[in-house]
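A.B. asks: all I have is the shape, not the residue letters:
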């Protein structure tokens, strides 16, 4: 009964959860795990902001799933496990997914949401099947696909003293930031006003597919860290949290970075405490932050509404401001709050 | 009204059939996973002959999940809520894991209660976020989907600290293992499917109205919100039923893919329901069979791939909308237009010398059409094969047969009538009507032509002064 659940939740030991990971020799490992989380959240979050604004969040979901068959097929075709082959496979798979969704959607009466559902699940099923069939050859397994292995990142082979996944993630992060800086204005125009963009001579299709390519790159780098499903959270949750607070794009991007940092740090310790998958814990922390932000905006809204109501009541009772011209009839239907 | 009655009779009948198939095989039996792997054909015969209890359980489970997901998924597809089904499917994970951890057994009741609570909670979160924030639907679904999944994964991986035996039970929730279904599961599944199908059958007209015209439904005073919640509850039911066989990650495919295939085949919703249930059951059964043959493969992906294969076939070959069928129809139509234009050219030539000559050389034809002789020869071959024309012995001169002549006259008639119609009725300038008529002449039907003729008071010349061939040209 309930004892089962309680026995799973260890007591919150400050020393063990917060202090120990950063003391002695453990701090290197903790730093890599947390740092990887931050990098994943930043790269995904920045791209995710544009997905949210373009109402393509579920396309991000689809691409993050269909990366899997791309990876496995790229491996099976080339027989090499090198990073480049994997990236190529993933990008091809990502763009193929977009193309497939548009094919199903434009060539039949099927609506876009159903087309997304059909295409990504078919490709993901193919990927899972290939992984379970060739698990021994590909260095992926079902657990990695689902939960990611960010917790074990320190133990993966290293490049120049840096764990390999963190190395490629860092490159991707830098690439994303550079691309964003270089194409910021045009990307913004194509996102907010495609019509204006076209009239300015900017190819919206090019930016669409460009964004999809970057999405595929980011997802493939993040995929092994947090798993196929939770990449979606990394893409969408930081941006959405920022979207609740921000009114301008630069603010939104900035808040996304803050969210990514905070949720990764909290998530790491949450994972230490509950002894569960670190990736899942980071996402849970991120969702928790989203929830708190939502709650805060609701409370602020309520308080403001309450305050403004008092304000209007005071205005209505203050008759001196509404003096009627002499000789005119009183208004038979006074409208309360009309001065607003 | 008749459609409603039809479906009312049909759904319970299907339901009784399924439950009969499923509950009859009772008692505990060895599971397919425990069988020694033999020859593929032998295994297949073993599956198809339904000798083993285990096979019957697996098959019953897949049929049940197919029918439930197909029916409820159809509503989701026509309501454009396909991705909400995806969010719901991921949203049940925390509840399922908690239900499992409750007393560390795969008790169907606990799983069911946990899954329903957390699934409905995920849908409630979607509704609340949609109402209280400026976030768009897709972002909300993404947050709920991945958030609930992450929480579930946290719980699940916490549970991995348990002994290995329990861990195995948890593993199957992700990608499904139909072989892990036991008798109790099947019983629970048939109850849940039965109840949801009965509710759908009873409320069918109301659900139909809700799905196609929500505003009208609420103007009729239907409790729209309640019906929506009820539908979501039933959806959760079918997700839970499918859960152990397909797994959390891919359940949404069983909701969307069979229903979308059915959507391409018919325009009537009750027929779509039947197709969707059929496709669902078929892909469930094929998936179970494949997973039985290749030992140890997870069932979920196989079922989803079967459903996707069905979808691909329907997408290409659906009589109305299949892209291959549409392509061939298009090519045929283009070919017909080419040949008909050729007929017309011959007709025009013969018209110029007042129908005195009875043939046209291919060289002249090529000059008129401004095409190479080769192309013209090819196209003329098509005319000859269709019995619309004959060639002289040396193959140089083309003669139209009676059928060809009458078709050509018909086309010219269509063309000139349409030109006249555009100038008279639609006030087009006489030099602007040719291109439009050139396109429409090939598709005007007999009834339309008669109607045009009557409206134009049986004219004899077109706006350019050319005579409109009479119907008697056929003779």
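C.D. replies: Cool, the structure landed. Small disclaimer: the values here were computed from a predicted structure and weren't measured.

A.B. asks: you'd agree residue B:343 is up against residue B:408?
C.D. replies: Yes - taking contacts as C-beta atoms under 8 Å, residue B:343 lies within contact range of residue B:408: 4.1 Å. Placement of C-beta: from N, CA and C, glycine included.

A.B. asks: so how many other residues sit close to residue 46?
C.D. replies: I went with chain A, as the question did not name one. 23 (other C-beta atoms under 10 Å in any protein chain shown).

A.B. asks: ah, no, chain B please
C.D. replies: Residue B:46: 19 neighbours (other C-beta under 10 Å).

A.B. asks: go on, residue B:355?
C.D. replies: Neighbour number of residue B:355 under other C-beta under 10 Å is 11.

A.B. asks: sec struct for it, please.
C.D. replies: Recorded secondary structure, residue B:355: coil (DSSP: H, G, I helix; E, B strand; the rest coil).

A.B. asks: for residue B:51, see how far away it is.
C.D. replies: 78 Å (C-beta to C-beta, to the nearest Å).

A.B. asks: spatially, and excluding backbone neighbours, which residue is closest to residue B:63.
C.D. replies: Computed as C-beta to C-beta, 6 or more residues apart in numbering or on different chains, the closest residue to residue B:63 that is not its neighbour in sequence is residue B:281, at 4.7 Å.

A.B. asks: return the residues in contact with residue B:366.
C.D. replies: For residue B:366, the contacting residues are B:372, B:373, B:375, B:376, by C-beta atoms under 8 Å, 6 or more residues apart in numbering or on different chains.

A.B. asks: any of the residues you listed buried? List them.
C.D. replies: residue B:376 (16 or more other C-beta atoms under 10 Å in any protein chain shown).

A.B. asks: closest to chain A out of the contacts of residue B:366?
C.D. replies: Checking the contacts of residue B:366 against chain A with C-beta to the nearest C-beta, the nearest one is residue B:375 at 30.2 Å.

A.B. asks: show me what counts as buried in the helix or strand harbouring the closest one.
C.D. replies: Using DSSP states H and E, residue B:375 maps to helix B:373-385. For helix B:373-385, burial by neighbour count (16+ other C-beta under 10 Å) applies to B:376, B:379, B:380, B:383, B:384.

A.B. asks: now do the buried residues in the following helix or strand past that helix.
C.D. replies: Next in sequence after helix B:373-385, counting helices and strands by DSSP H and E, comes strand B:389-391. If you call a residue buried by 16+ other C-beta under 10 Å, then strand B:389-391 has these buried ones: B:389, B:391.

A.B. asks: list the buried residues in the next helix-or-strand element following strand B:389-391.
C.D. replies: Using DSSP H and E, the helix or strand that follows strand B:389-391 towards the C-terminus is strand B:397-400. Across strand B:397-400, burial judged by 16+ other C-beta under 10 Å covers B:397, B:398, B:400.

A.B. asks: what's strand B:397-400 packed up against?
C.D. replies: Contact here means 3 or more C-beta pairs under 8 Å, 6 or more residues apart in numbering or on different chains; DSSP states H and E; on that basis strand B:397-400 packs against helix B:323-352, strand B:360-361, helix B:362-369, strand B:389-391.

A.B. asks: repeat the analysis, applying 6 Å as the threshold.
C.D. replies: strand B:389-391 (3 or more C-beta pairs under 6 Å, 6 or more residues apart in numbering or on different chains; DSSP states H and E).

A.B. asks: tell me what the strand it packs on is packed against?
C.D. replies: Using 3+ C-beta pairs under 6 Å, 6+ apart: strand B:389-391 touches strand B:397-400.

A.B. asks: check what pLDDT the closest residue to chain A within the stretch 351-475 of chain B gets.
C.D. replies: As assessed by C-beta to the nearest C-beta, chain A sits closest to residue B:443 within the stretch 351-475 of chain B, at 22.2 Å. Looking at residue B:443, its pLDDT stands at 86.

A.B. asks: turn the buried residues of strand B:397-400 into CSV, including pLDDT.
C.D. replies: Listed next are these as CSV, based on pLDDT from 0 to 100:
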residue, pLDDT
B:397, 86
B:398, 86
B:400, 86
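
A.B. asks: residues of the stretch 1-150 of chain B that sit close to chain A?
C.D. replies: B:77, B:80, B:82-83, B:86, B:101, B:104, B:135-136, B:138-139, B:142-143, B:146-147, B:149-150 (C-beta under 6 Å from any C-beta of the partner chain).

A.B. asks: check the stretch 151-300 of chain B too.
C.D. replies: B:151, B:153-154, B:157-158, B:174-175, B:250, B:252-253, B:256-257, B:260, B:264, B:297-298.

A.B. asks: pLDDT at residue B:316, what is it?
C.D. replies: 93.

A.B. asks: can you tell me the closest non-neighbouring residue to it?
C.D. replies: residue B:324 (4.4 Å).

A.B. asks: which element follows the helix or strand hosting residue B:197 toward the C-terminus?
C.D. replies: For residue B:197, the host element (DSSP H and E) is helix B:183-202. Following helix B:183-202 in sequence order, the next helix or strand is helix B:204-212 (DSSP H and E).

A.B. asks: mind listing what's buried in the helix holding residue B:197?
C.D. replies: For helix B:183-202, by 16+ other C-beta under 10 Å, it's B:183, B:185-194, B:196-197, B:199-201.

A.B. asks: and which of those is nearest residue A:110?
C.D. replies: Proximity of those to residue A:110 (C-beta to C-beta) peaks at residue B:200, which lies at 22.4 Å.

A.B. asks: how many other residues sit next to the closest residue to residue A:16 other than its chain neighbours?
C.D. replies: Leaving aside its sequence neighbours, residue A:16 sits nearest to residue A:272 (C-beta to C-beta, 6+ apart; 7.6 Å). Neighbour count for residue A:272, taken as other C-beta under 10 Å: 21.

A.B. asks: does residue A:272 touch residue A:18 like I think?
C.D. replies: No - assessed by C-beta atoms under 6 Å, residue A:272 is found out of contact with residue A:18, at 8.0 Å.

A.B. asks: burial check on residue 99, number of neighbours?
C.D. replies: All of this is about chain A. The burial count for residue A:99: 13, using other C-beta under 10 Å.

A.B. asks: you looked at the wrong chain, it should be chain B
C.D. replies: Residues near residue B:99, counting by other C-beta under 10 Å: 25.

A.B. asks: which one is it nearest to, not counting chain neighbours?
C.D. replies: Nearest non-adjacent residue to residue B:99 (C-beta to C-beta, 6+ apart): residue B:114, at 3.0 Å.

A.B. asks: what number of residues lie near that neighbour?
C.D. replies: Neighbour tally, residue B:114, other C-beta under 10 Å: 22.

A.B. asks: mind checking pLDDT for residue 61?
C.D. replies: No chain in the question, so chain A it is. 90.

A.B. asks: wrong chain, I was asking about chain B
C.D. replies: The predicted local confidence for residue B:61 is 88.

A.B. asks: list the buried residues in stretch B:43-62.
C.D. replies: Residues of stretch B:43-62 classed as buried by neighbour count (16+ other C-beta under 10 Å): B:43, B:46-47, B:52-62.

A.B. asks: can I get those residues in JSON lines including secondary structure and distance to residue A:115?
C.D. replies: JSON lines is the format used below for the buried residues of stretch B:43-62 (DSSP: H, G, I helix; E, B strand; the rest coil; distance: C-beta to C-beta, whole Å):
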{"residue": "B:43", "secondary structure": "helix", "distance to residue A:115": "36"}
{"residue": "B:46", "secondary structure": "helix", "distance to residue A:115": "38"}
{"residue": "B:47", "secondary structure": "helix", "distance to residue A:115": "33"}
{"residue": "B:52", "secondary structure": "coil", "distance to residue A:115": "39"}
{"residue": "B:53", "secondary structure": "helix", "distance to residue A:115": "40"}
{"residue": "B:54", "secondary structure": "helix", "distance to residue A:115": "37"}
{"residue": "B:55", "secondary structure": "helix", "distance to residue A:115": "35"}
{"residue": "B:56", "secondary structure": "helix", "distance to residue A:115": "36"}
{"residue": "B:57", "secondary structure": "helix", "distance to residue A:115": "35"}
{"residue": "B:58", "secondary structure": "helix", "distance to residue A:115": "31"}
{"residue": "B:59", "secondary structure": "helix", "distance to residue A:115": "31"}
{"residue": "B:60", "secondary structure": "helix", "distance to residue A:115": "32"}
{"residue": "B:61", "secondary structure": "helix", "distance to residue A:115": "29"}
{"residue": "B:62", "secondary structure": "helix", "distance to residue A:115": "25"}
